[in-house]
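Peer 1: got a predicted structure here, sequence first:
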Amino acid sequence: MDRFRNPTPSLALSIGLILSAKGAAAHGGHNMEKIVDGEAMSVDPIDSILWIHILLMMLSFGIIFPTGMVLGIVRNRWHVPVQVLGTAIAVVAYFLGHLHKGKAFAKNIHAGFSNWLMLMLGVQIVFGIYLKFHITKGFHGKIRKVAVVGHGVVGKLMPVVAWVQMLFGGITALGYCRDDHLGQCLAHFIMGSAFIGYGIVLTIIMLVGQEWLKRTGRSQEFFDSLLIAAWGCVNTFTEHRWGGAWVANDIQHTTMGVIWWCAGLAGIWLSRKRDGGPKRNFIPGFVILITGWAMSAHPQHLPLSTMVHTVFGYTLMAAGFTRIIEVSFVLRDANTISEDGDANSFQYIPPFLLYASGFLFMGATEEQMQLISDAGITHVSYILVLYSFAFLIFLFTNMLLHLYAVNSTPAVPPKDTDRTARMPRMNGHTRATDSRQIRDAEEFELEGLMTDDEHPESPSTLGKNNDTRVE
């Protein structure tokens, strides 16, 4: 235990990277004789087999399966090969997690939750194989409808469940979140993941969700404010152990929940125009901003923890402030300002800052701060590493959304063969009648201006190279 309690800076930073990125994997229940009573794991180092297990699981559940999910949504022919590859890697990695030597772990949540994750993978495989037969007659027609829905729901849930499992792996590998540390540990990982999730949702709606938003007849702030109000109600009644003594952090957390549901209700009211139409507002951005201000002043036990929480608060304040600017001044209450549905460059700032806020908050647990502080690592180095992880997740999210956008609806080539084909819109749809409507309008406008000799043999040449007249 001396080696773990007095780690070198390089060892502590490496462990911090594993936890913050997505977590190491560890399966308990074997080699228990190596573990000292009362400890979560043995003092042995992580062996090469467990490292391979970690890397393969991150590759399959963190990269391959999300990519295959997007390919499945757009019904791309590469969906099945990609998912088969991910399944093969995941199965091998699962057994490696039970065959490793070196560090041993006591019974833990990561080991128990892994069985549920693999069960989901098995159900997904069964659904996929059944749907591949394309049996639609008789009773199988009804079963197929259930299988299609189930396959889609489980496939979309798997990245979220896999994220939780990877966090459990990091927590288990470091022996965190035990005894008195459980409450604050849960708060950091749940809220941190929520910030990242909110950033991903904002990115999705910004790039490919505008058409869906129009169909709902609601503004984005309506849904944001509804979620803020619900979360505020939960925080109001769960951040303090009722019947016990009040402490400074309890009061701050509870009052933060109060302002969330109060502001959420105001945001819901302001999200509708007088005629019932959707309207955007500043409330969600302001809630994020004031939450960041409150967290930046949160009292901490370590100077390192104080600095990390301060930067986290400032990052969250910047996310809220830029969100208000985006809605009020960049978009001027519109959903988008780009003709092709793509986003303005400024719109990428609020989501990214939410990604960064999430990683900063998840990496600021009491035990993690103690580990980094004992190793002599400065808050600057640690924060830069966390921002690096935010950039990687931000990049991967945008790559997946780009993959969806360019494959969801094929480009509609114009009738004129020399004209550049219309590219797919980033909001996930194209209007198949655009080119035809333009040609029809040009022909109609020129009809009365042409003599019989001027009519071309083929109307398809009208408008070629932007000419209104064919010689």
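Peer 2: That came in fine, so what should we check first? Numbers count the residues shown, from 1 in each chain.

Peer 1: alpha carbons only for contacts and neighbour counts from here, please
Peer 2: Noted.

Peer 1: span of stretch 201-219 from start to end?
Peer 2: One end of stretch 201-219 to the other measures 14 Å (CA to CA, to the nearest Å).

Peer 1: wait, I meant stretch 121-141
Peer 2: 24 Å.

Peer 1: tell me the buried residues in that stretch?
Peer 2: By neighbour count with 16 or more other CA atoms under 10 Å, stretch 121-141 contains the buried residues L121, Q124, I125, F127, G128, Y130, L131.

Peer 1: mind checking the SS state of the second one?
Peer 2: When the structure is reduced to helix, strand and coil (DSSP: H, G, I helix; E, B strand; the rest coil), Q124 reads as helix.

Peer 1: which one is Y348 nearest to, not counting chain neighbours?
Peer 2: Spatially, and ignoring its direct neighbours in sequence, Y348 is nearest to T203 (7.5 Å; CA to CA, 6 or more residues apart in numbering).

Peer 1: so the one you found sits against P351, correct?
Peer 2: Yes: taking contacts as CA atoms under 8 Å, T203 lies within contact range of P351: 6.2 Å.

Peer 1: ok, these two, which is more surrounded?
Peer 2: Using other CA atoms under 10 Å, the more surrounded residue of T203 and P351 is P351, with 26 against 22.

Peer 1: nearest residue to the middle of this protein?
Peer 2: Nearest residue to the geometric centre of the chain (CA atoms, centre = their mean): I200, 3.8 Å.

Peer 1: list the buried residues in the helix or strand that contains it.
Peer 2: Using DSSP states H and E, I200 falls within helix 182-208. Within helix 182-208, the residues that qualify as buried are 185, 188-189, 191-200, 202-208, counting by 16+ other CA under 10 Å.

Peer 1: same check on stretch 107-118?
Peer 2: So, applying 16+ other CA under 10 Å, buried residues of stretch 107-118: K107, N108, I109, H110, A111, F113, S114, L117, M118.

Peer 1: next one: stretch 342-351
Peer 2: So stretch 342-351, judged by 16+ other CA under 10 Å, has buried residues D342, A343, Q347, Y348, I349, P350, P351.

Peer 1: so what touches it?
Peer 2: Contacts to stretch 342-351, defined as CA atoms under 8 Å, 6 or more residues apart in numbering, come from residues 198-200, 202-203, 206-207, 318-320, 322-323, 326, 330, 336-338, 425-427.

Peer 1: ok, now with 7 Å
Peer 2: 199-200, 202-203, 206-207, 319, 322-323, 326, 336, 426-427 (CA atoms under 7 Å, 6 or more residues apart in numbering).

Peer 1: dump the residues you listed into CSV; add distance to T365 as well.
Peer 2: Output for the contacts of stretch 342-351, formatted as CSV (distance: CA to CA, whole Å):
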residue, distance to T365
G199, 21
I200, 23
L202, 26
T203, 27
M206, 31
L207, 33
A319, 22
T322, 27
R323, 27
E326, 32
T336, 38
M426, 38
N427, 38
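
Peer 1: let me have those in JSON lines, extended by distance to G155 and pLDDT.
Peer 2: As requested, the contacts of stretch 342-351 are exported to JSON lines (distance: CA to CA, whole Å; pLDDT from 0 to 100):
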{"residue": "G199", "distance to G155": "21", "pLDDT": "96"}
{"residue": "I200", "distance to G155": "17", "pLDDT": "96"}
{"residue": "L202", "distance to G155": "21", "pLDDT": "94"}
{"residue": "T203", "distance to G155": "20", "pLDDT": "95"}
{"residue": "M206", "distance to G155": "22", "pLDDT": "92"}
{"residue": "L207", "distance to G155": "21", "pLDDT": "91"}
{"residue": "A319", "distance to G155": "30", "pLDDT": "97"}
{"residue": "T322", "distance to G155": "33", "pLDDT": "97"}
{"residue": "R323", "distance to G155": "31", "pLDDT": "96"}
{"residue": "E326", "distance to G155": "33", "pLDDT": "94"}
{"residue": "T336", "distance to G155": "30", "pLDDT": "79"}
{"residue": "M426", "distance to G155": "23", "pLDDT": "43"}
{"residue": "N427", "distance to G155": "22", "pLDDT": "41"}
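
Peer 1: any idea how far G141 is from F127?
Peer 2: Counting by CA to CA, the gap from G141 to F127 is 14 Å.

Peer 1: er, M191 actually
Peer 2: Separation of M191 from F127 (CA to CA): 33 Å.

Peer 1: from G267, how far off is F95?
Peer 2: Distance from F95 to G267, by CA to CA: 49 Å.

Peer 1: tell me which of these two has more neighbours.
Peer 2: Shown here are F95 and G267; by other CA under 10 Å, G267 has more neighbours (25 against 11).

Peer 1: hmm, the more buried one is touching I283, no?
Peer 2: Yes: between G267 and I283 there is a contact under CA atoms under 7 Å: 5.3 Å.

Peer 1: helix, strand or coil for the residue lying closest to A356 once chain neighbours are set aside?
Peer 2: Nearest residue to A356, sequence neighbours excluded (CA to CA, 6+ apart): A390, at 5.0 Å. What three-state DSSP gives for A390 is helix.

Peer 1: what residues are up against A390?
Peer 2: A390 sits in contact with Y355, A356, F359, where contact means CA under 7 Å, 6+ apart.

Peer 1: scan those residues and report the most crowded one.
Peer 2: Y355 (30 neighbours).

Peer 1: pLDDT value on that one, please?
Peer 2: Looking at Y355, its pLDDT stands at 98.

Peer 1: spatially nearest residue to it, not counting backbone neighbours?
Peer 2: Per CA to CA, 6+ apart, closest to Y355 is I196, 4.5 Å.

Peer 1: the longest helix along the chain packs against which elements?
Peer 2: When the chain is scanned for its longest helix (criterion: DSSP state H), the result is helix 139-174. In terms of contacts (3 or more CA pairs under 7 Å, 6 or more residues apart in numbering; DSSP states H and E), helix 139-174 is packed against helix 65-73, helix 109-132.

Peer 1: and the longest one, how far from the chain's centre?
Peer 2: Helix 109-132 has its C-alpha centroid displaced from the chain centroid by 21 Å (CA atoms, centre = their mean, to the nearest Å).

Peer 1: cool, stretch 387-401 as well?
Peer 2: Stretch 387-401 sits 9 Å away from the centroid of its parent chain (CA atoms, centre = their mean).

Peer 1: do stretch 327-343 as well
Peer 2: 22 Å.
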